[in-house]
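Novice: Have a look; sequence and predicted model below, questions after that.
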Amino acid sequence: MIEKYRIRTDLALEQKERFAADNVEVPGVILDETYDEEREIRVTTVKIETENGAKIMGKPVGTYITMEAPDLAVPDEGYHEEISAELAKFLKPFVPMDKPEYSVLVAGLGNRYVTPDALGPYVADHLNITRHIVKEYGRYAMGKDQVCMVSAVIPGVMGQTGMETVEVIRGVIKQTKPDLLIVVDALAARSTRRLNRTIQISDTGIHPGSGVGNHRNAITKETVGVPVISIGVPTVVDAATIVNDTMENFIRALESSETLKGVGVVLSGYNAAEKYELVKELISPHLNGLFVTPKDIDDTIRRISFTISEALNLLFSGGQAHNPSAGLI
């Protein structure tokens with residue numbers, strides 16, 4: 001049953017959790033967790049070290065860092081500045097900048113006209129773009145001996161361009177020859193409590209649309225020719241997950257009831273995979289393709305996009321974006 005059980009999520013942490021819930025140890029997968037009580041920031045690192053572990057997890061071999069911050073969706077400018085600084089700190093090891101002119105291409109994936117999918121384009125809008133300045137005037141125009149040349153592209157989605165995202169990006173990389181590609185995209189989560197409160201960093205690239213069952217060609221080092229770092233925030237959750245979470249609460253209520261306690265005991269005997277499959281059968285076929293996002297997603301996406309763009313600006317130039325985030329926070 002475990003092999004067939006595939007929850008819709010882009011988070012490696014949630015893939016690991018489903019095995020832990022069933023007391024299944026995944027060989028070749030290491031998990032490390034830290035918690036900052038003062039700021040309530042939990043950072044979990046999942047390292048998939050073997051091909052067997054990758055097959056079981058359904059994720060490529062690599063490192064996945066998940067930062068959970070409950071107040072990420074709250075309009076608190078000071079808190080978002082702290083998150084930007086933390087995010088920049090975790091990104092730094094992935095960006096070597098080992099040459100006088102290190103070039104980074106940032107790709108803002110998604111559709112800016114579909115709000116839950118607009119994270120990538122919004123992040124790209126507020127980056128401190130410097131490649132053209134360095135190309136025109138040299139790195140000393142930036143006042144530094146070593147500079148990071150930043151360029152950005154918003155490739156759109158296949159419905160807008162008629163092209164796979166990876167085709168557009170591959171063409172840009174062929175012409176501009178960056179040392180590193182950073183892709184930013186909206187993700188799908190298994191848990192409603194992680195919506196707009198979690199940031200995942202990965203060095204394995206990305207499979208656009210995989211969390212919502214809309215599989216596009218992968219954007220990885222193998223497909224584009226340069227190392228790929230992905231940054232994502234879960235903005236949607238599928239209907240089966242919401243019903244499943246409700247079912248969990250319902251079972252707990254039944255177990256505390258004198259008259260219906262037996263029903264609760266029977267249902268609690270199902271493991272996580274069996275419960276999820278049961279829910280999918282009950283809501284099919286009409287709700288299986290339904291994905292849900294919070295009602296304040298417009299403000300939240302803009303706020304979090306600034307947080308991520310500020311982190312990238314701090315990382316690349318030690319500065320801030322040309323559009324300050326205070327106006328939206």
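Specialist: Structure's in. What do you need? Keep in mind the model is a prediction, meaning the values are calculated, not measured.
Novice: Which strands or helices does the strand or helix carrying Asp32 pack on?
Specialist: If you go by DSSP states H and E, Asp32 is part of strand 29-36. Strand 29-36 sits against strand 41-48, helix 51-57, with contacts defined as 3 or more Cβ pairs under 8 Å, 6 or more residues apart in numbering; DSSP states H and E. In short, each C-beta sits where N, CA and C put it, glycine included.
Novice: Just the buried residues of that strand, please?
Specialist: By 16 or more other Cβ atoms under 10 Å, the buried positions in strand 29-36 come out as Val29.
Novice: Tell me what angle that strand forms with strand 41-48.
Specialist: 170 degrees (axes from the mean of the first three to the mean of the last three Cα atoms, to 10 degrees).
Novice: Parallel or antiparallel, list what pairs with strand 29-36.
Specialist: strand 41-48 (antiparallel) (DSSP bridges).
Novice: what is the rounded mean pLDDT of the partner strand?
Specialist: Throughout strand 41-48, pLDDT has a mean value of 91.
Novice: can you check stretch 160-171 too?
Specialist: 93.
Novice: now the end-to-end length of stretch 86-97.
Specialist: 19 Å (Cα to Cα, to the nearest Å).
Novice: How about stretch 106-121?
Specialist: Using Cα to Cα, first and last residues of stretch 106-121 are 10 Å apart.
Novice: how far does it sit from the chain's center?
Specialist: 12 Å (Cα atoms, centre = their mean, to the nearest Å).
Novice: list the buried ones in it?
Specialist: Quick answer for stretch 106-121 (16+ other Cβ under 10 Å): 106-112, 115-121.
Novice: So which of those residues sit within helices?
Specialist: Residues of those located in helices (DSSP state H): Leu119, Gly120, Pro121.
Novice: quick check, nearest of these to Thr293?
Specialist: Leu119 (11.5 Å; Cβ to Cβ).
Novice: Roughly how far does that closest one sit from Ser230?
Specialist: For Leu119, the distance to Ser230 equals 12 Å [Cβ to Cβ, to the nearest Å].
Novice: Just name the most buried of the helices and strands packed on strand 29-36.
Specialist: Neighbour counts (mean count of other Cβ atoms under 10 Å) averaged over each of the helices and strands packed on strand 29-36 peak at strand 41-48, with a mean of 20.
Novice: got the contact list for that one?
Specialist: Residues from elsewhere that reach strand 41-48, judged by Cβ atoms under 8 Å, 6 or more residues apart in numbering: 12-13, 16, 28-36, 54, 57, 59-69, 83, 86, 90.
Novice: one more time with 7 Å
Specialist: 12-13, 16, 28-35, 54, 57, 59, 61-69, 86 (Cβ atoms under 7 Å, 6 or more residues apart in numbering).
Novice: Let me know whether Ile65 touches Ile201 as I believe.
Specialist: Yes: when contacts are counted by Cβ atoms under 7 Å, Ile65 is listed as touching Ile201 (4.4 Å).
Novice: Now do the shared contacts for those two.
Specialist: In contact with both Ile65 and Ile201: Phe90, using Cβ under 7 Å, 6+ apart.
Novice: quick one: the longest helix belonging to the chain to chain centroid distance?
Specialist: In the chain, with assignment by DSSP H, the single longest helix is helix 297-317. Offset of helix 297-317 from its chain centre (Cα atoms, centre = their mean): 13 Å.
Novice: May I see the buried residues of that helix?
Specialist: Here helix 297-317 shows 297, 300-317 as buried, counting by 16+ other Cβ under 10 Å.
Novice: which helices and strands sit right next to it?
Specialist: helix 77-91, helix 119-125, strand 147-153, strand 228-238 (3 or more Cβ pairs under 7 Å, 6 or more residues apart in numbering; DSSP states H and E).
Novice: would you turn those into JSON lines with mean pLDDT and distance to Asp179?
Specialist: Formatted as JSON lines, these follow (pLDDT from 0 to 100; distance: least, Cβ to Cβ, whole Å):
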{"stretch": "helix 77-91", "mean pLDDT": "92", "distance to Asp179": "15"}
{"stretch": "helix 119-125", "mean pLDDT": "96", "distance to Asp179": "18"}
{"stretch": "strand 147-153", "mean pLDDT": "95", "distance to Asp179": "9"}
{"stretch": "strand 228-238", "mean pLDDT": "92", "distance to Asp179": "11"}
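Novice: low-scoring stretches of the stretch 1-150 of the chain, by residue?
Specialist: By pLDDT under 70, the weakly predicted segments of the stretch 1-150 of the chain are 1-8, 15-25.
Novice: Repeat the analysis, applying 90 as the threshold.
Specialist: The stretch 1-150 of the chain contains residues with pLDDT under 90 at 1-33, 36-41, 52-60, 70-79, 96-99, 138-147.
Novice: same check, this time on the stretch 151-300 of the chain
Specialist: Using pLDDT under 90, the flagged stretches of the stretch 151-300 of the chain are 157-160, 188-195, 207-218, 237-296.
Novice: Out of the ones in helices among the buried residues of stretch 106-121, which is nearest to Val224?
Specialist: Out of those, the member with the shortest distance to Val224 (by Cβ to Cβ) is Gly120, at 15.8 Å.
Novice: and the residue nearest to that closest one when sequence neighbours are not counted, what are its bridge partners?
Specialist: If the residues on either side of it in the chain are set aside, Gly120 comes closest to Gly108, at 3.5 Å by Cβ to Cβ, 6 or more residues apart in numbering. Note on Gly108: beta-bridge partners by DSSP bridges are Val184.
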